[in-house]
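Q: sequence and predicted structure below; questions after.
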Amino acid sequence: MTDKISIDDVEYEVSDFSVSAKKTLEAIKFVSEKKLELKNMRIVLQRAKNSYVDGLKKEMLSKKAGILLGDD
């Protein structure tokens, strides 16, 4: 089975690509994977930030109210 790639709705056989085109295709795959990795990292970091902000809010409210909130 031969690998194919679709560009502008036209299918191409990767085996027909020149060495240079194959290297370019590998670079495109690498960049696409890194973009996805960075997107996922951004999501994780945003969740961590939200958690820190929530913790800070709880701490500030507990100081204001004189009671500790959320700890069992």
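A: Here it is on my side, so go on. This structure is a prediction, so every number in the text was calculated from the model and none was measured.

Q: drop to CA atoms for contacts and neighbour counts, all remaining ones
A: OK.

Q: now residue 17: phi and psi?
A: Backbone dihedrals for residue 17, given as degrees, to the nearest 10, come out at phi -70, psi 150.

Q: which residues touch residue 10?
A: Residue 10 sits next to no residue when contact means C-alpha atoms under 8 Å, 6 or more residues apart in numbering.

Q: can you pull the pLDDT of it?
A: Each residue has a pLDDT score; the one for residue 10 is 95.

Q: do residue 61 as well
A: The model reports residue 61 with a pLDDT of 85.

Q: give me the low-pLDDT residue ranges for this structure?
A: Counting by pLDDT under 70, the chain shows low-confidence ranges at 1-2, 67-72.

Q: how about the strands in it?
A: Taking DSSP state E to define them, one finds strands in the chain at 4-7, 10-13.

Q: so for residue 29, which of those strands sits nearest?
A: Comparing those by their distance to residue 29 (C-alpha to C-alpha), the top pick is strand 4-7, with 11.5 Å.

Q: okay, the closest one in PDB with CA atoms only?
A: Below are the C-alpha coordinates for strand 4-7, written out as PDB (Å, rounded to 0.1, in the frame of the first residue of the first chain):
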ATOM      1  CA  LYS A   4      -0.900   9.300  -0.500                       C
ATOM      2  CA  ILE A   5      -1.300  12.900   0.400                       C
ATOM      3  CA  SER A   6      -4.000  15.300  -0.600                       C
ATOM      4  CA  ILE A   7      -3.100  18.900  -1.500                       C
END
